[in-house]
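Student: Sequence and predicted structure below; questions after.
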Amino acid sequence: QLQLVESGGGLVQPGGSLRLSCEVTGATLDDYAIGWFRQAPGKEREGVAYIAKIDDITNYADSVTGRFTISRDNAKNMAWLQMTSLKPEDTAVYYCAAARTAPVGTMKMKWYDYWGRGTQVTVSS
């Protein structure tokens, strides 16, 4: 059973940066695409970033393009989300998720088989 654990969230001022980590256990990460999602209070969960199993093909939501960078290291079974130029509207619980058979680039939740419990990111002065 694949398990994902997020870390690295916290409180940061507008314009600041955070790096979220996603540790994967229970299976080889090579077999899964990774997505980062977020859910703000009162809002639906949305996809923010995607990285393919191999080839490092990535995709980003328009709202984070140019500010967030997703990466992975299959040998370490780790994935990351580097967030820069953070805005108050980036405040949310951030989740990493793994998809075994998702279409390349997708950030639709239905394709993701395994989810972490999330880490809180708060952007506030």
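Tutor: Noted; the coordinates are in hand.

Student: residues contacting Gly16?
Tutor: Leu86, Val123 (C-beta atoms under 8 Å, 6 or more residues apart in numbering). For every residue, glycine as well, the C-beta is placed using N, CA and C.

Student: Centroid-nearest residue for this protein?
Tutor: Trp36 (2.1 Å; C-alpha atoms, centre = their mean).

Student: Contact partners for it?
Tutor: 20, 22, 47-50, 68, 70, 79, 81, 94-97.

Student: Would you check which pair of those residues lies furthest apart?
Tutor: Spanning the widest gap among those are Phe68 and Ala97, at 15.5 Å by C-beta to C-beta.

Student: Who has more neighbours out of those two?
Tutor: Between Phe68 and Ala97, counted using other C-beta atoms under 10 Å, the more crowded position is Ala97 (27 against 21).

Student: What's the separation between the more buried one and Ala79?
Tutor: 10 Å (C-beta to C-beta, to the nearest Å).

Student: And for Asp56?
Tutor: Taking C-beta to C-beta, one finds Asp56 at 11 Å from Ala79.

Student: Those two: which is more packed in?
Tutor: Ala79 (28 against 10).

Student: what about the more buried one, which SS state?
Tutor: Assigned state for Ala79: strand (three-state reduction, DSSP: H, G, I helix; E, B strand; the rest coil).

Student: tell me the pLDDT at it?
Tutor: As predicted, Ala79 sits at a pLDDT of 97.

Student: For it, list each beta-bridge partner.
Tutor: Cys22, Arg72 (DSSP bridges).

Student: Work out for me the element the residue nearest to Gly15 when sequence neighbours are not counted sits within.
Tutor: Nearest residue to Gly15 in three dimensions, chain neighbours excluded: Ser85, at 6.1 Å (C-beta to C-beta, 6 or more residues apart in numbering). Per DSSP states H and E, Ser85 falls between elements, in no helix or strand.
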